[in-house]
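> build me a model from this:
(2 chains)
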Amino acid sequence: MAQRKAFRWHIAVFLAPAVLVYTAIMIVPLFGTLNLSLFNTGEEGRVFVGLRNFATLFGDPRWSASFWNALGNNAWFFLVHMLVQNPVGVALAALLSSPRLRGAAFYRTAIFIPTILSFVIVGFVWKLILSPIWGIAPGMLDAVGLKGLFAPWLGREGTALTTLALISVWQFVGIPMMLIYAALLSIPDEVIEAAEMDGVTGWSQFWKIKLPLILPSIGIISILTFVGNFNAFDLIYVTQGALAGPNFSTDILGTFLYRTFFGFQLQIGDPHMGATIATAMFGIILLGVSFYLFAIQRRLRRYQF
Amino acid sequence: MSQARHSTARSLAAHAVLILYTVIALFPVFVVVINSFKNRRAIFADPLAVPTAESFDLVGYRTVLAQGDFVLYFQNSLIVTVASLFFVLLFGAMAAFALSEYRFRGNMLMGLYLALGIMIPIRLGTVAILQMMVASGLVNTLTALVLVYTAQGLPLAVFILSEFMRGVSDDLKNAGRIDGLSEYTIFFRLVLPLVRPAMATVAVFTMIPIWNDLWFPLILAPSEATKTITLGSQVFIGQFVTNWNAVLAALSLAILPVLVLYLIFSRQLIRGITAGAVK
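So this is what the prediction gives:
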């Protein structure tokens, strides 16, 4: 190997298309957006303003009130997913993976169906079902004697956001279910048999043996949920419109970005403030992902079989 | 004997919970589809009843097909999804092969660079993407959407496929090299056919978000000629919001194609996931 090998062109050929498209359409615009947030429209075209857009976003009471409102709503949206979607997903996967369960394939396929539907379908379907005009939801509550509980949940400031979060949970519960299911199936039979020999069965087997083994998968699901939720837009836009009503109570960062960038009704679109919000979102997601990678993932113990 | 009875009770409980959740998952879809076949009065009088000879009515479907250009929207969605899928799978597999097969300087770094896109959503670059598409005159073309979705799908495709390609036997590839096959032939003839299950998994994971996306069609290609079915049905439903027959029919028409595709691919999807691709 004294002689230096010739440049291996085929490696470059294999890599080039993916790297070019990815760089040109994803990385460059991402940095373009970060860069755009440092400019604003002055009297003679675009002028460099440094961090002044961020000062406006966090300092100007009108902007900062909207921003913190959107961020707070987004945090609640994420919390509902973590508290409802992921535990339900894990529970369903645990049931599905129980040995000799008949019809597991059917359940799996059926429970995953909402996940493949678009937000447009999901949003409108639930809007119709929860609508007081059509009366499916009140009718069903009436049938079990709980009619008093019905309220136009999507139309009330206090309940709209939670209702939307639960609709989103309904839609996406299939993803944690599938990933956890795969993780549970990959636990070797010997481990389970050894546990059974020691008399660890049923619930305690799940808590003491299986759960620790699938923790890394739960970690990945949490971070995917985080990225997905802080990037959400479609469901809110479809059901509540870009104004995220009632009275901005369902406004999250995605709808706030859309409204700021493109303008809506009385508001004029502002690409620079839009870019500023996108940069703030980028920072939040980066913060969350790094927190996960450095603080949580390192502590997760992985077992090799 | 008591052991057996115990496990029967437990499996009954498991079935009960799973059936309950299946009903929760399917009920909304079921309600919309059955009501789309009923006349207006029956929709409101008894929303949970299946259509009978008396209440059966296709007026909603007639309105949808007469008003919206759904055939065109459907065609646009199909072109965008298939073209993006083709490029994601081809380019993704090529890059994954380079990363998993060859040792070269910067291999790790390149892998990390490409994986970055899994964590950072492409939407955050929308402002600059729109400016770029305006500058290059690609606004309101399907090309713009295909480009964006290809970039969006690549990171995950490269990540999953390179995991799989590490598992392809070296002996096989080396035997090919001894027989004088070029690296390109080895990739296309030997490796690609072997990772087909992984390709199917990537295809499903790539396809669903593209078909269902509302954000980029709304921003990059909202013109009548380039509307996708997702955007088309959103706009249509927005306009016909009080015509319940039409809304329900439009929703049913939007559900059907995805459902059929999913049922075709679902076996592959499960096999791909449980083979250990995404863990």
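> which parts of chain A are strands?
Ranges of strands within chain A are A:39-42, A:45-48, A:263-264, A:267-268, based on DSSP state E.
> can you give me the mean pLDDT across the strand or helix carrying residue B:23?
If you go by DSSP states H and E, residue B:23 is part of helix B:2-36. On average, the pLDDT along helix B:2-36 is 83.
> give the buried residues for it.
For helix B:2-36, burial by neighbour count (16 or more other CB atoms under 10 Å in any protein chain shown) applies to B:11, B:14, B:18, B:21-22, B:25, B:28-29, B:31-36. Backbone N, C-alpha and C define where each C-beta goes, glycine included.
> likewise stretch A:137-146?
A:137-138, A:140.
> nearest to chain B among those?
Among the buried residues of stretch A:137-146, residue A:140 lies closest to chain B (CB to the nearest CB), at 8.1 Å.
> what does the stretch 51-200 of chain B put close to chain A?
The stretch 51-200 of chain B comes close to chain A at residues B:87, B:90-92, B:94-95, B:97-99, B:102, B:104, B:110, B:114, B:116-117, B:119-129, B:131-132, B:147-148, B:150-152, B:154-155, B:158, B:182-184, B:187, as judged by CB under 8 Å from any CB of the partner chain.
> from the residues you listed, keep the buried residues only.
Of those, these count as buried by 16+ other CB under 10 Å: B:87, B:91-92, B:94-95, B:97-99, B:110, B:114, B:117, B:119-129, B:131-132, B:147-148, B:150-152, B:154-155, B:158, B:183, B:187.
> center of the chain - which residue?
You didn't say which chain, so I picked chain A. residue A:228 (2.3 Å; CA atoms, centre = their mean).
> nope, chain B
residue B:208 (1.4 Å).
> per-residue confidence at that one?
Residue B:208 is assigned 82 on the pLDDT scale.
> wait, it touches residue A:116, no?
Yes - counting by CB atoms under 8 Å, residue A:116 is a contact partner of residue B:208 at 5.5 Å.
> who touches both of these two?
Taking CB atoms under 8 Å, 6 or more residues apart in numbering or on different chains as the criterion, residue B:208 and residue A:116 both touch residue B:258.
> what pLDDT does residue 75 get?
No chain was given, so I picked chain A. Looking at residue A:75, its pLDDT reads 96.
> try again with chain B
Looking at residue B:75, the pLDDT reads 90.
> return the residues in contact with residue B:40.
B:57, B:59, B:244-245 are the contacts of residue B:40 under CB under 8 Å, 6+ apart.
> try 6 Å
By CB atoms under 6 Å, 6 or more residues apart in numbering or on different chains, the residues touching residue B:40 are residue B:245.
> equivalent analysis for residue B:216, please.
B:145, B:148.
> quick check: it vs residue B:127, distance?
In this view, residue B:216 and residue B:127 are 13 Å apart by CB to CB, to the nearest Å.
> residue A:15 now?
28 Å.
> how many neighbouring residues does residue A:259 have?
Close neighbours of residue A:259, defined as other CB atoms under 10 Å in any protein chain shown, add up to 25.
> if I pick it, what's in contact with it?
By CB under 6 Å, 6+ apart, the contact list for residue A:259 reads residue A:242.
> residue B:133 now?
Residue B:133 sits next to B:139, B:144, B:220 when contact means CB under 6 Å, 6+ apart.
> so the first one, which of the three states?
Taking DSSP: H, G, I helix; E, B strand; the rest coil as the rule, one finds residue B:139 in the coil state.
> what ranges do the helices span in the stretch 151-279 of chain B?
B:170-178, B:183-185, B:192-194, B:196-212, B:215-220, B:229-239, B:244-274 (DSSP state H, counting those that start in this stretch).
> quick one: low-confidence parts of the stretch 1-150 of chain A?
A:1-5, A:43 (pLDDT under 70).
> residues of it that sit close to chain B?
Contacts of the stretch 1-150 of chain A with chain B, taken as CB under 6 Å from any CB of the partner chain, map to A:10-11, A:14-15, A:17-18, A:21-22, A:25-26, A:29-30, A:32-33, A:36, A:95, A:98, A:107, A:109-111, A:114, A:116, A:118, A:120-121, A:124-125, A:129, A:136.
> out of the residues you listed, list just those in helices.
Judged by DSSP state H, these include A:10-11, A:14-15, A:17-18, A:21-22, A:29-30, A:32-33, A:36, A:95, A:107, A:109-111, A:114, A:116, A:120-121, A:124-125, A:129, A:136 as members of helices.
> only whichever of those are buried, select them in PyMOL.
If you want just the buried ones from those in PyMOL, going by 16+ other CB under 10 Å, the selection is:
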select buried, chain A and resi 10+11+14+15+17+18+21+22+29+30+32+33+36+95+107+109+110+111+114+116+120+121+124+125+129+136
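> related to what we said a few turns ago, ok, the residue nearest to the centre of chain A to residue B:28 distance?
21 Å.
> neighbours of residue B:176, how many?
Neighbours around residue B:176, by other CB under 10 Å: 18.
> and if you look at residue A:50?
10.
> residue contacts, the residue nearest to residue A:181 when sequence neighbours are not counted?
Of all residues not flanking residue A:181 in the chain, residue A:93 sits nearest, at 4.1 Å (CB to CB, 6 or more residues apart in numbering or on different chains). If you count contacts by CB under 6 Å, 6+ apart, residue A:93 has them with A:177, A:180-181, A:184.
> do residue B:96 as well
Neighbours of residue B:96 in contact, by CB under 6 Å, 6+ apart: B:158, B:161-162, B:165.
> for it, helix, strand, or coil?
Applying three-state DSSP: residue B:96 is helix.
> shaky segments in the stretch 151-300 of chain A?
A:266.
> get me the contact residues on it for chain B.
By CB under 6 Å from any CB, the residues of the stretch 151-300 of chain A that approach chain B are A:178, A:182-183, A:185, A:231, A:234, A:271, A:274-275, A:278, A:281-282, A:289.
> give me the subset of these that lies in helices.
Counting by DSSP H, those place A:178, A:182-183, A:185, A:234, A:271, A:274-275, A:278, A:281-282, A:289 in helices.
> export those to JSON lines and tack on neighbour count?
Shown next, in JSON lines, are those (neighbours: other CB atoms under 10 Å in any protein chain shown):
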{"residue": "A:178", "neighbour count": "24"}
{"residue": "A:182", "neighbour count": "22"}
{"residue": "A:183", "neighbour count": "26"}
{"residue": "A:185", "neighbour count": "14"}
{"residue": "A:234", "neighbour count": "22"}
{"residue": "A:271", "neighbour count": "21"}
{"residue": "A:274", "neighbour count": "25"}
{"residue": "A:275", "neighbour count": "29"}
{"residue": "A:278", "neighbour count": "25"}
{"residue": "A:281", "neighbour count": "23"}
{"residue": "A:282", "neighbour count": "18"}
{"residue": "A:289", "neighbour count": "16"}
